[in-house]
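Engineer: next comes the sequence, and after it the predicted model I'd like to discuss.
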Amino acid sequence: QLQLVESGGGLVQPGGSLRLSCAASGGTLGYYAIGWFRQAPGNEREGVSCISNSDGSTYYTDSVKGRFTISRDNAKNTVYLQMNSLKPEDTGVYYCAATATCGGWYDYWGQGTQVTVSS
């Protein structure tokens, strides 16, 4: 069974950058589209970005367009989320998840990594 582990979270000042990693084991990440989600305290979980497994197409929610970049390295079984120009409203727990196609049902989830943007 596919297992996902996120890493790279932490505390960063506004305007700073972080790179999150989503590493897979127990399966081949290349078979899946991978999405990143986040959840801030008191808020519902929201989709942030997704990268397809077929042609590498990428999708972003409007609030992160131009600041976040999703990428994948199938040889390393890892997907990345490069986050630049971070804002306090980007604070939350970030999760990666695997699905057959972006926008579909996500079958596998990681445990999340905390991102805090604060001065």
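Structural biologist: The structure has been received and is ready for your questions. Numbers count the residues shown, from 1 in each chain.

Engineer: who does the helix or strand of the chain with the lowest mean pLDDT touch, helix- and strand-wise?
Structural biologist: Every helix and strand in the chain was compared by mean pLDDT, DSSP states H and E; the lowest is strand 106-109, with a mean of 94. Here strand 106-109 touches strand 3-7, strand 92-99, going by 3 or more C-beta pairs under 8 Å, 6 or more residues apart in numbering; DSSP states H and E. C-beta coordinates here come from the backbone N, C-alpha and C atoms, glycine included.

Engineer: what's the pLDDT at residue 29?
Structural biologist: On the pLDDT scale, residue 29 is placed at 89.

Engineer: now swap in the one 10 residues further on and tell me
Structural biologist: According to the model's per-residue confidence, residue 39 sits at a pLDDT of 98.

Engineer: verify the stated contact: it with residue 93.
Structural biologist: Yes: assessed by C-beta atoms under 8 Å, residue 39 is found in contact with residue 93 at 5.3 Å.

Engineer: those two - which one has more neighbours?
Structural biologist: More crowded of residue 39 and residue 93, by other C-beta atoms under 10 Å: residue 93, with 18 against 14.

Engineer: my guess is the more buried one contacts residue 36. True?
Structural biologist: No: here residue 93 does not reach residue 36: they are 11.2 Å apart, not a contact under C-beta under 8 Å.

Engineer: now residue 86, nearest residue through space, not along the chain?
Structural biologist: residue 117 (4.6 Å; C-beta to C-beta, 6 or more residues apart in numbering).

Engineer: swap in residue 9?
Structural biologist: That would be residue 113: by C-beta to C-beta, 6+ apart, it lies 3.4 Å from residue 9.
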